[in-house]
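# how would this look folded up:
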Amino acid sequence: MSTTATVRVMSAEEIAARSGGSTPALRWPDRGTYFAERAMRLRQLANGHAMGDFLRFMARLAQAQQAALERLGRTGGVPVPDAAAIDRASRAGRPPLSAADGPRDRAWHGVLREIVQAMRADTPAGPAADALDRLATADEVFLERQADALLTGVMSGLDLATAPVVAAALQVLWTHMALELQREHAARGDGPTQPVGMLDDAGVCPCCGSRPVASITRSSGELSGQRYLHCSLCGTEWHVPRGRCTHCGESGAEKVAYQSLDRSDVVDDEDASARAAKAAIQAETCEACGHYLKIVHGDRDPMAEPAADDLGSITLDLLVAETGKQRHGVNLMLLFGDPDEAPPAGTGGR
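Modelled structure (predicted):
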(Lines give C-alpha, C1' and ligand atoms only; values in the text may rest on other atoms or scores of the structure.)
Protein backbone atom coordinates (compact mmCIF):
# COMPACT_ATOMS: atom_id res chain seq x y z
CA MET A 1 0.00 0.00 0.00
CA SER A 2 1.21 3.53 -0.76
CA THR A 3 0.75 6.65 1.29
CA THR A 4 2.18 10.15 1.00
CA ALA A 5 4.83 11.62 3.25
CA THR A 6 5.38 15.36 3.56
CA VAL A 7 8.55 17.40 4.00
CA ARG A 8 8.97 21.15 4.28
CA VAL A 9 11.78 22.81 2.34
CA MET A 10 13.82 26.00 2.20
CA SER A 11 12.29 29.10 0.69
CA ALA A 12 12.96 30.03 -2.93
CA GLU A 13 15.26 32.80 -1.77
CA GLU A 14 17.33 30.45 0.40
CA ILE A 15 17.68 27.95 -2.44
CA ALA A 16 18.71 30.66 -4.89
CA ALA A 17 21.26 32.06 -2.45
CA ARG A 18 22.92 28.68 -2.00
CA SER A 19 22.94 27.65 -5.66
CA GLY A 20 25.61 30.08 -6.88
CA GLY A 21 26.58 30.52 -10.51
CA SER A 22 24.43 31.77 -13.36
CA THR A 23 21.35 29.74 -14.24
CA PRO A 24 20.32 29.60 -17.93
CA ALA A 25 16.74 30.83 -18.31
CA LEU A 26 15.83 28.26 -20.97
CA ARG A 27 16.82 24.76 -21.96
CA TRP A 28 15.97 23.30 -25.36
CA PRO A 29 15.22 19.69 -26.37
CA ASP A 30 17.79 17.74 -28.38
CA ARG A 31 16.39 16.75 -31.78
CA GLY A 32 18.40 13.54 -31.93
CA THR A 33 17.47 12.17 -28.50
CA TYR A 34 14.45 13.99 -27.08
CA PHE A 35 11.67 11.45 -27.62
CA ALA A 36 14.09 8.50 -27.68
CA GLU A 37 15.07 9.23 -24.07
CA ARG A 38 11.39 9.30 -23.13
CA ALA A 39 10.84 5.95 -24.86
CA MET A 40 13.78 4.41 -23.02
CA ARG A 41 12.56 5.66 -19.65
CA LEU A 42 9.01 4.45 -20.30
CA ARG A 43 10.29 0.96 -21.10
CA GLN A 44 12.32 1.01 -17.91
CA LEU A 45 9.36 2.12 -15.80
CA ALA A 46 7.05 -0.48 -17.38
CA ASN A 47 8.92 -3.39 -15.79
CA GLY A 48 6.75 -4.68 -12.95
CA HIS A 49 4.44 -1.64 -13.13
CA ALA A 50 0.67 -2.08 -12.74
CA MET A 51 0.28 0.03 -15.91
CA GLY A 52 3.08 -1.79 -17.73
CA ASP A 53 1.17 -2.43 -20.97
CA PHE A 54 0.13 1.23 -21.20
CA LEU A 55 3.68 2.46 -20.51
CA ARG A 56 5.08 0.12 -23.17
CA PHE A 57 2.52 1.45 -25.67
CA MET A 58 3.58 4.98 -24.78
CA ALA A 59 7.22 3.96 -25.27
CA ARG A 60 6.46 2.82 -28.81
CA LEU A 61 4.56 6.04 -29.40
CA ALA A 62 7.55 8.09 -28.21
CA GLN A 63 9.85 6.11 -30.50
CA ALA A 64 7.56 6.91 -33.43
CA GLN A 65 7.67 10.57 -32.40
CA GLN A 66 11.46 10.46 -32.48
CA ALA A 67 11.48 9.19 -36.06
CA ALA A 68 8.96 11.86 -37.11
CA LEU A 69 10.94 14.65 -35.42
CA GLU A 70 14.12 13.59 -37.18
CA ARG A 71 12.31 13.48 -40.54
CA LEU A 72 10.97 16.99 -40.05
CA GLY A 73 14.50 18.13 -39.29
CA ARG A 74 15.66 16.77 -42.65
CA THR A 75 12.72 17.90 -44.79
CA GLY A 76 11.75 21.18 -43.10
CA GLY A 77 8.97 23.13 -44.78
CA VAL A 78 7.27 24.29 -41.57
CA PRO A 79 7.36 28.11 -41.25
CA VAL A 80 8.31 29.71 -37.95
CA PRO A 81 8.11 33.37 -36.86
CA ASP A 82 10.97 35.56 -38.01
CA ALA A 83 12.90 37.93 -35.75
CA ALA A 84 10.40 40.76 -36.23
CA ALA A 85 7.45 38.54 -35.34
CA ILE A 86 9.26 37.22 -32.28
CA ASP A 87 9.97 40.78 -31.19
CA ARG A 88 6.31 41.78 -31.62
CA ALA A 89 5.20 38.79 -29.56
CA SER A 90 7.72 39.65 -26.85
CA ARG A 91 6.55 43.26 -26.67
CA ALA A 92 2.96 42.05 -26.35
CA GLY A 93 3.92 39.57 -23.62
CA ARG A 94 2.92 36.62 -25.80
CA PRO A 95 4.76 33.39 -26.68
CA PRO A 96 5.96 33.36 -30.31
CA LEU A 97 4.56 29.87 -30.98
CA SER A 98 1.26 30.30 -29.16
CA ALA A 99 -0.53 26.95 -29.22
CA ALA A 100 -3.96 28.14 -28.12
CA ASP A 101 -4.59 30.90 -30.65
CA GLY A 102 -1.69 31.01 -33.11
CA PRO A 103 -1.66 29.60 -36.65
CA ARG A 104 -1.30 25.82 -36.91
CA ASP A 105 0.53 24.36 -39.89
CA ARG A 106 -1.21 21.34 -41.44
CA ALA A 107 2.15 19.55 -41.51
CA TRP A 108 1.05 17.87 -38.30
CA HIS A 109 -1.44 15.78 -40.33
CA GLY A 110 1.48 14.16 -42.15
CA VAL A 111 3.25 13.60 -38.85
CA LEU A 112 0.11 11.94 -37.48
CA ARG A 113 -0.19 9.62 -40.48
CA GLU A 114 3.46 8.66 -40.08
CA ILE A 115 3.01 7.89 -36.39
CA VAL A 116 -0.24 5.95 -36.93
CA GLN A 117 1.37 3.82 -39.65
CA ALA A 118 4.32 3.01 -37.41
CA MET A 119 2.07 2.14 -34.45
CA ARG A 120 -0.41 0.00 -36.40
CA ALA A 121 2.36 -2.35 -37.50
CA ASP A 122 2.72 -3.97 -34.09
CA THR A 123 -0.40 -3.05 -32.09
CA PRO A 124 -2.52 -6.14 -31.36
CA ALA A 125 -6.28 -6.16 -31.82
CA GLY A 126 -8.09 -4.23 -29.11
CA PRO A 127 -9.07 -0.69 -28.10
CA ALA A 128 -5.67 0.80 -29.01
CA ALA A 129 -5.77 -0.75 -32.48
CA ASP A 130 -9.34 0.50 -32.95
CA ALA A 131 -8.27 4.04 -32.06
CA LEU A 132 -5.39 3.88 -34.55
CA ASP A 133 -7.77 2.61 -37.25
CA ARG A 134 -10.10 5.56 -36.64
CA LEU A 135 -7.22 7.98 -37.00
CA ALA A 136 -6.02 6.30 -40.18
CA THR A 137 -9.31 7.17 -41.91
CA ALA A 138 -10.17 10.42 -40.07
CA ASP A 139 -10.84 13.52 -42.15
CA GLU A 140 -9.25 16.92 -41.63
CA VAL A 141 -12.31 18.36 -39.91
CA PHE A 142 -12.16 15.71 -37.18
CA LEU A 143 -8.41 16.09 -36.76
CA GLU A 144 -8.54 19.88 -36.47
CA ARG A 145 -11.37 19.69 -33.92
CA GLN A 146 -9.32 17.28 -31.84
CA ALA A 147 -6.30 19.55 -32.05
CA ASP A 148 -8.41 22.57 -31.03
CA ALA A 149 -9.67 20.70 -27.98
CA LEU A 150 -6.20 19.59 -26.88
CA LEU A 151 -4.46 22.93 -27.43
CA THR A 152 -7.15 25.24 -26.06
CA GLY A 153 -8.31 23.07 -23.18
CA VAL A 154 -11.95 23.24 -24.36
CA MET A 155 -12.44 19.53 -23.93
CA SER A 156 -15.97 19.10 -25.24
CA GLY A 157 -15.96 16.65 -28.13
CA LEU A 158 -12.47 15.30 -27.46
CA ASP A 159 -12.02 11.63 -28.35
CA LEU A 160 -10.10 10.39 -25.30
CA ALA A 161 -9.07 7.16 -27.01
CA THR A 162 -7.29 8.87 -29.90
CA ALA A 163 -6.16 11.94 -27.93
CA PRO A 164 -2.67 10.63 -26.95
CA VAL A 165 -1.77 9.89 -30.58
CA VAL A 166 -3.13 13.23 -31.83
CA ALA A 167 -1.22 14.95 -29.02
CA ALA A 168 1.92 13.04 -29.99
CA ALA A 169 1.79 14.49 -33.51
CA LEU A 170 1.19 18.00 -32.18
CA GLN A 171 4.14 17.60 -29.80
CA VAL A 172 6.39 16.67 -32.71
CA LEU A 173 5.30 19.75 -34.68
CA TRP A 174 5.77 22.18 -31.80
CA THR A 175 9.07 20.64 -30.72
CA HIS A 176 10.31 20.99 -34.29
CA MET A 177 9.22 24.64 -34.43
CA ALA A 178 10.86 25.42 -31.08
CA LEU A 179 14.11 23.92 -32.32
CA GLU A 180 13.84 25.88 -35.57
CA LEU A 181 13.42 29.11 -33.61
CA GLN A 182 16.62 28.32 -31.76
CA ARG A 183 18.48 27.30 -34.94
CA GLU A 184 17.47 30.40 -36.89
CA HIS A 185 18.35 32.61 -33.93
CA ALA A 186 21.84 31.10 -33.87
CA ALA A 187 22.16 31.37 -37.66
CA ARG A 188 21.38 35.10 -37.52
CA GLY A 189 24.20 35.57 -35.03
CA ASP A 190 21.94 37.35 -32.55
CA GLY A 191 24.38 36.74 -29.72
CA PRO A 192 24.05 34.88 -26.44
CA THR A 193 20.48 35.99 -25.75
CA GLN A 194 17.67 33.45 -26.09
CA PRO A 195 15.32 33.65 -29.10
CA VAL A 196 12.33 34.03 -26.75
CA GLY A 197 11.89 35.93 -23.51
CA MET A 198 10.24 34.93 -20.25
CA LEU A 199 6.55 35.69 -19.76
CA ASP A 200 4.91 37.47 -16.83
CA ASP A 201 3.14 34.20 -16.01
CA ALA A 202 6.00 31.91 -14.98
CA GLY A 203 3.62 28.95 -14.93
CA VAL A 204 3.32 28.68 -18.72
CA CYS A 205 5.88 27.96 -21.42
CA PRO A 206 7.52 31.13 -22.78
CA CYS A 207 7.82 29.48 -26.19
CA CYS A 208 4.28 28.16 -26.85
CA GLY A 209 2.20 29.18 -23.81
CA SER A 210 1.34 25.62 -22.73
CA ARG A 211 1.27 24.31 -19.17
CA PRO A 212 4.15 22.19 -17.90
CA VAL A 213 3.86 18.44 -17.51
CA ALA A 214 6.11 18.56 -14.45
CA SER A 215 9.30 20.22 -13.29
CA ILE A 216 12.75 18.67 -13.19
CA THR A 217 15.92 19.54 -11.31
CA ARG A 218 19.15 19.84 -13.29
CA SER A 219 22.72 20.13 -12.02
CA SER A 220 25.53 21.51 -14.14
CA GLY A 221 28.97 22.76 -13.10
CA GLU A 222 28.60 24.93 -10.03
CA LEU A 223 24.82 24.89 -10.32
CA SER A 224 23.16 22.31 -8.12
CA GLY A 225 19.54 21.18 -8.35
CA GLN A 226 18.17 24.06 -10.46
CA ARG A 227 14.45 23.58 -11.14
CA TYR A 228 13.07 23.84 -14.68
CA LEU A 229 9.46 23.49 -15.76
CA HIS A 230 9.11 21.10 -18.69
CA CYS A 231 6.58 22.09 -21.38
CA SER A 232 3.89 19.51 -22.08
CA LEU A 233 3.82 20.45 -25.78
CA CYS A 234 7.10 21.76 -27.22
CA GLY A 235 9.58 20.33 -24.70
CA THR A 236 11.15 23.70 -23.86
CA GLU A 237 12.26 24.02 -20.23
CA TRP A 238 12.27 27.30 -18.33
CA HIS A 239 13.78 28.12 -14.98
CA VAL A 240 11.58 28.81 -11.97
CA PRO A 241 13.23 28.82 -8.50
CA ARG A 242 12.47 25.86 -6.28
CA GLY A 243 10.20 26.36 -3.31
CA ARG A 244 7.93 28.70 -5.28
CA CYS A 245 4.44 27.64 -6.35
CA THR A 246 4.26 27.41 -10.13
CA HIS A 247 0.58 28.33 -10.10
CA CYS A 248 0.38 31.40 -7.87
CA GLY A 249 4.01 32.29 -7.14
CA GLU A 250 3.81 31.97 -3.36
CA SER A 251 6.90 30.70 -1.55
CA GLY A 252 8.05 29.85 1.94
CA ALA A 253 7.84 26.81 4.20
CA GLU A 254 4.45 27.88 5.55
CA LYS A 255 2.94 27.78 2.04
CA VAL A 256 4.87 25.22 -0.01
CA ALA A 257 5.53 21.58 0.89
CA TYR A 258 6.68 18.44 -0.91
CA GLN A 259 4.81 15.16 -0.77
CA SER A 260 6.04 11.82 -2.06
CA LEU A 261 4.94 8.20 -2.11
CA ASP A 262 5.85 6.13 0.93
CA ARG A 263 5.12 2.43 1.39
CA SER A 264 3.36 1.79 4.68
CA ASP A 265 5.15 -1.55 5.11
CA VAL A 266 8.65 -0.02 5.01
CA VAL A 267 10.52 -0.36 8.29
CA ASP A 268 13.93 1.28 8.58
CA ASP A 269 15.83 3.76 10.71
CA GLU A 270 14.42 6.80 8.88
CA ASP A 271 10.98 8.25 9.45
CA ALA A 272 8.60 9.02 6.60
CA SER A 273 9.59 12.69 6.31
CA ALA A 274 13.28 11.76 5.99
CA ARG A 275 12.49 9.34 3.17
CA ALA A 276 10.25 11.93 1.52
CA ALA A 277 13.12 14.42 1.46
CA LYS A 278 15.16 11.97 -0.65
CA ALA A 279 12.41 10.88 -3.06
CA ALA A 280 13.15 11.15 -6.78
CA ILE A 281 9.57 12.24 -7.54
CA GLN A 282 7.59 14.61 -5.34
CA ALA A 283 4.46 16.72 -5.55
CA GLU A 284 5.14 20.37 -4.77
CA THR A 285 1.91 21.50 -3.08
CA CYS A 286 0.76 25.00 -2.22
CA GLU A 287 -1.53 25.81 0.68
CA ALA A 288 -2.14 29.33 -0.65
CA CYS A 289 -3.85 28.37 -3.92
CA GLY A 290 -4.52 24.65 -3.46
CA HIS A 291 -2.55 23.52 -6.53
CA TYR A 292 0.39 21.19 -7.03
CA LEU A 293 2.92 20.18 -9.66
CA LYS A 294 5.25 17.21 -9.60
CA ILE A 295 8.97 17.77 -9.39
CA VAL A 296 11.24 15.09 -10.85
CA HIS A 297 14.73 15.15 -9.38
CA GLY A 298 17.13 14.53 -12.22
CA ASP A 299 20.01 15.11 -9.81
CA ARG A 300 18.80 12.12 -7.76
CA ASP A 301 17.94 9.84 -10.68
CA PRO A 302 19.95 10.56 -13.85
CA MET A 303 17.55 8.41 -15.92
CA ALA A 304 14.53 10.55 -14.97
CA GLU A 305 12.44 12.06 -17.78
CA PRO A 306 9.59 14.44 -16.83
CA ALA A 307 6.75 13.13 -19.01
CA ALA A 308 7.65 9.46 -18.53
CA ASP A 309 8.11 9.70 -14.77
CA ASP A 310 4.87 11.65 -14.52
CA LEU A 311 3.01 8.79 -16.20
CA GLY A 312 4.75 6.26 -14.01
CA SER A 313 3.70 7.99 -10.79
CA ILE A 314 -0.06 8.33 -11.28
CA THR A 315 -0.60 6.95 -7.77
CA LEU A 316 0.97 10.11 -6.36
CA ASP A 317 -1.57 12.23 -8.28
CA LEU A 318 -4.45 10.18 -6.92
CA LEU A 319 -3.27 10.47 -3.32
CA VAL A 320 -2.55 14.19 -3.53
CA ALA A 321 -5.95 14.74 -5.17
CA GLU A 322 -7.57 13.12 -2.14
CA THR A 323 -6.30 16.09 -0.10
CA GLY A 324 -8.25 18.46 -2.35
CA LYS A 325 -5.27 19.78 -4.32
CA GLN A 326 -5.64 20.49 -8.05
CA ARG A 327 -2.93 19.76 -10.57
CA HIS A 328 -1.34 22.81 -12.18
CA GLY A 329 0.06 21.04 -15.23
CA VAL A 330 -1.12 18.54 -17.81
CA ASN A 331 0.16 15.37 -19.44
CA LEU A 332 -1.28 15.12 -22.94
CA MET A 333 -0.55 11.39 -22.99
CA LEU A 334 -3.16 10.65 -20.32
CA LEU A 335 -6.39 12.61 -19.95
CA PHE A 336 -9.08 11.44 -17.54
CA GLY A 337 -12.85 11.77 -17.28
CA ASP A 338 -15.80 12.85 -19.37
CA PRO A 339 -14.64 15.26 -22.10
CA ASP A 340 -17.79 17.32 -21.57
CA GLU A 341 -16.93 17.76 -17.90
CA ALA A 342 -13.14 17.64 -17.85
CA PRO A 343 -11.33 20.83 -16.76
CA PRO A 344 -9.29 22.67 -19.37
CA ALA A 345 -5.85 21.26 -20.04
CA GLY A 346 -4.26 24.59 -19.27
CA THR A 347 -5.80 25.07 -15.84
CA GLY A 348 -4.47 22.10 -13.97
CA GLY A 349 -6.87 19.42 -15.20
CA ARG A 350 -5.53 15.92 -15.62
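
# what about residue 323, neighbour count?
When neighbours are counted by other C-beta atoms under 10 Å, residue 323 registers 13. Placement of C-beta: from N, CA and C, glycine included.

# tell me which stretches of the stretch 101-250 of the chain form strands.
Using DSSP state E, counting those that start in this stretch, the strands found in the stretch 101-250 of the chain span residues 212-220, 223-231, 237-239.

# and the residue nearest to residue 260 when sequence neighbours are not counted, what does it touch?
Take residue 260 and drop its neighbours on the chain: the residue closest to it by C-beta to C-beta, 6 or more residues apart in numbering is residue 279, 3.5 Å away. Each residue near residue 279 by C-beta atoms under 8 Å, 6 or more residues apart in numbering is listed here: 258, 260, 261, 297, 300.

# now the second one: how far from residue 282?
Looking back up the chat, that one is residue 260. 5 Å (C-beta to C-beta, to the nearest Å).

# helices and strands of this structure: which one has the lowest mean pLDDT?
Lowest on mean pLDDT, DSSP states H and E among the helices and strands of the chain sits helix 12-19, with a mean of 41.

# touching, residue 95 and residue 196? I think so.
Yes: between residue 95 and residue 196 there is a contact under C-beta atoms under 8 Å: 6.9 Å.

# overlap in contacts of these two?
What both residue 95 and residue 196 touch, as defined by C-beta under 8 Å, 6+ apart, is the set 206, 207.

# sorry, back to before: helix or strand for the residue nearest to residue 260, which one?
Element membership for residue 279 (DSSP states H and E) is empty, with no helix or strand holding it.

# may I see the buried residues of the longest helix along the chain?
Secondary structure of the chain per DSSP state H: the longest helix is helix 163-188. For helix 163-188, burial by neighbour count (16 or more other C-beta atoms under 10 Å) applies to 163-182, 184-185.

# ditto for stretch 141-157
Judged by neighbour count using 16+ other C-beta under 10 Å, the buried positions of stretch 141-157 are 142, 143, 146, 147, 149, 150, 151, 153, 154, 155.

# what segments of the chain are helices?
12-19, 34-46, 52-75, 83-91, 107-120, 127-137, 140-152, 163-188, 272-277, 306-312, 314-321.

# for those helices, give me CSV that also has distance to residue 200.
Listed next are these as CSV, based on distance: least, C-beta to C-beta, whole Å:
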stretch, distance to residue 200
helix 12-19, 17
helix 34-46, 28
helix 52-75, 30
helix 83-91, 12
helix 107-120, 29
helix 127-137, 37
helix 140-152, 20
helix 163-188, 20
helix 272-277, 32
helix 306-312, 23
helix 314-321, 27
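
# most tightly surrounded among the ones you listed?
For those, the largest average neighbour count (mean count of other C-beta atoms under 10 Å) is found in helix 306-312, namely a mean of 26.
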